[in-house]
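S.K.: fold the following for me, if possible:
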Amino acid sequence: MKKGILCLLFLSCVFVNTTSGKDLLPEDEAKYQEAALYTPGTYQGIGNGKGGEVSVEVTVNENAITSIKVLKHNDTPKKMDIAKNNVIKNILEEQTTKVDVVAQASFSSNAIMQATENALQKARKNAE
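M.R.: Numbering: from 1, shown residues only. Alright, predicted model coming up:
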């Protein structure tokens, strides 16, 4: 009797698992089914630094920021180098422009974040 109940319970579980999970996609496949965040490409953006405009070039694929380059700036070179080395690394790691400002280079840090966000807005607009 116990064996019969266990067998029936087992078959019920197998039936439920095979019918209820039919429409579920594996995690990797589900990622491809999601809408893209960006239109892949390279975009330019502008932010305001202490010495004026800071322009960046941002490259994205459908779901990630892949590179950021500062093209032009009039900020103090030493401060911009500090900001570039830290802020760009953090944006790429965290995939957001809302990262910590570098204390010794706050204007340059904010300019890079602002310019990157400006470029990403263009990438998002194209994705719609």
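S.K.: ok, residue 103 - how many residues close by?
M.R.: For residue 103, the neighbour count with other C-beta atoms under 10 Å is 9. C-betas here are computed from N, CA, C, even on glycine.
S.K.: number the chain from 35, please
M.R.: OK, 35 is where the count begins now, so the last one is residue 137.
S.K.: phi and psi next, for it.
M.R.: As for residue 137, its main-chain torsions (degrees, to the nearest 10) stand at phi -60, psi -40.
S.K.: return the per-residue confidence for the residue nearest the centre of the chain.
M.R.: Note on the chain: the residue nearest the mean C-alpha position is residue 129, at 3.4 Å, using C-alpha atoms, centre = their mean. What the model reports as pLDDT for residue 129 is 98.
S.K.: isn't it right up against residue 98?
M.R.: Yes - taking C-beta atoms under 8 Å as the definition, residue 129 is a contact partner of residue 98 at 6.0 Å.
S.K.: list the residues that contact the residue nearest to the centre of the chain.
M.R.: Residue 129 makes contact with 98, 99, according to C-beta atoms under 8 Å, 6 or more residues apart in numbering.
S.K.: let's see that with 6 Å instead.
M.R.: By C-beta atoms under 6 Å, 6 or more residues apart in numbering, residue 129 lies in contact with residue 99.
S.K.: how near is it to residue 113?
M.R.: Using C-beta to C-beta, to the nearest Å, we find residue 129 at a distance of 25 Å from residue 113.
S.K.: and for residue 103?
M.R.: Counting by C-beta to C-beta, the gap from residue 103 to residue 113 is 17 Å.
S.K.: so which of these two has more stuff around it?
M.R.: Counted by other C-beta under 10 Å, residue 103 and residue 113 do not tie: residue 113 has more neighbours, with 20 against 13.
S.K.: thought that one was touching residue 141?
M.R.: No - with contact defined as C-beta atoms under 6 Å, residue 113 does not count as touching residue 141 (7.3 Å).
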